[in-house]
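> quick one, fold the following:
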Amino acid sequence: RAPRPPYAPGMRRALIVNPNATRVTPELAVAVERELAAAGEDVETFLTEGPGHAAELAAAAAVDFERIYVYGGDGAFNEVVNGLEDADVAVGFLPGGGTSVLPRALGLSRDPVDAARRLGRSARERRISLGRVNGRRFTFSAGVGLDAELVRRGDALGRLNGRRAGDVALGRTLLGIVARRRGRLQPAMTVLGRDRVAFALVANCDPYSYAGPFPIHAAPEARFELGLDLVAPRAVGPLQLPRVAAWAARGRGQVSSPRVLYLHDVDEVEIECDVPTPLQADGEDLGDVVTARFEAERDALRVLVGDN
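Numbers count the residues shown, from 1 in each chain. The predicted model follows:
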């Protein structure tokens, strides 16, 4: 058949919803679906039923639908992009998680209904790069060591009323991790061909994440349209902790610091850990690894961009 334009009323759209995400409710899901339909969208909604299901739904939807919307958190977004590995379909990300880093980093509203309204009426698309770690795609960040340990411990806090622990609990957990090491993070892994480091953060965009309303600028030069950025402190002592926190808050200082290994717009980075070490991607615990291979997948995904 003849190719269709990027947007045309009446084209088929799939809406994948994670009903267990922190900021997803039945009422909001109906409102999101209503906004997409009001824009002339022919929308069919699918609910995820457990881990991995969003990837399966996305892979199936890519065959029959021209657009896929995802209403959930960063875990659902990660599953969807992994499910679309062999497809070239436009995706709209609607914030339904406690943090929802990806849609916020793409400039979308934190209000899922407003985001649905803007994406549903928009003909604009943007092609972004993705990262991979040990073969798994990620959209905004991955890490070995400190932040992955925080993800794991945050998950271990359990869910309150089906929801993940909030930013305050995660902040306390991070302070506990650092305090147990007496404020010292010693070299624990090697960035092959580069240097020894204490932990490693790999970013596909800036910000790296959010703490409530505040962006965390761990890798301030990272961009969706480029390769990957790595920021890895060589070692951190008690006197450096305030400086590291200031770097993350302001996005200034880490790029040129001799205490930090910073790599910009790279296609591949490989890390060997001294001992099995936690690995995370998009806030999802991927278990312990000894080797982590990061790769940039340039121009990998078509994303929908809302009209202002």
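> need the pLDDT of the residue lying closest to Pro187 once chain neighbours are set aside.
Spatial nearest neighbour of Pro187, excluding adjacent residues (CB to CB, 6 or more residues apart in numbering): Arg196 at 4.0 Å. The way it works is simple: take the backbone N, C-alpha and C, and place the C-beta from them, glycine included. pLDDT for Arg196: 98.
> so what sits opposite Arg196 in the bridge?
Thr190 (DSSP bridges).
> that one and Gly251, how far apart?
According to CB to CB, to the nearest Å, Arg196 stands 25 Å off from Gly251.
> quick one: which of those two has more around it?
Legend: neighbour count by other CB atoms under 10 Å for Arg196 and Gly251, higher for Gly251 (19 against 15).
> spit out the contact partners of the nearest residue to the more buried one once chain neighbours are set aside.
The shortest distance from Gly251 to any non-neighbouring residue, by CB to CB, 6+ apart, is to His217 (2.9 Å). When contacts are counted by CB atoms under 8 Å, 6 or more residues apart in numbering, His217 touches Asp206, Pro207, Tyr208, Trp247, Ala248, Ala249, Arg250, Gly251.
> just among those, which is most surrounded?
Tyr208 leads the contacts of His217 on contacts (other CB under 10 Å) with 26 neighbours.
> pull the number of nearby residues for the closest residue to that residue other than its chain neighbours.
Spatial nearest neighbour of Tyr208, excluding adjacent residues (CB to CB, 6+ apart): Ala218 at 3.8 Å. For Ala218, the neighbour count with other CB under 10 Å is 23.
> same deal with Pro276?
By other CB under 10 Å, neighbour count at Pro276 equals 10.
> picking up where we left off before, give me the distance between the residue nearest to Pro187 and Ala188.
Distance from Arg196 to Ala188, counting by CB to CB: 8 Å.
> so Trp247 sits against Val255, correct?
No - in this structure, Trp247 is not within contact of Val255 by CB atoms under 8 Å, at 9.0 Å.
> gap between the two ends of stretch 226-243?
Taking CA to CA, to the nearest Å, stretch 226-243 runs 27 Å from one end to the other.
> and it, how far out from the chain's middle?
Relative to the chain's own centre, stretch 226-243 is displaced by 20 Å; criterion: CA atoms, centre = their mean, to the nearest Å.
> list the buried residues of it.
Within stretch 226-243, the residues that qualify as buried are Leu226, Gly227, Leu228, Asp229, Leu230, Val231, Ala232, Pro233, Arg234, Val236, Gln240, counting by 16 or more other CB atoms under 10 Å.
> now pLDDT too, for these, in JSON lines please.
Compiled in JSON lines, these are given as follows (pLDDT from 0 to 100):
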{"residue": "Leu226", "pLDDT": "98"}
{"residue": "Gly227", "pLDDT": "98"}
{"residue": "Leu228", "pLDDT": "98"}
{"residue": "Asp229", "pLDDT": "98"}
{"residue": "Leu230", "pLDDT": "98"}
{"residue": "Val231", "pLDDT": "98"}
{"residue": "Ala232", "pLDDT": "97"}
{"residue": "Pro233", "pLDDT": "96"}
{"residue": "Arg234", "pLDDT": "96"}
{"residue": "Val236", "pLDDT": "92"}
{"residue": "Gln240", "pLDDT": "88"}
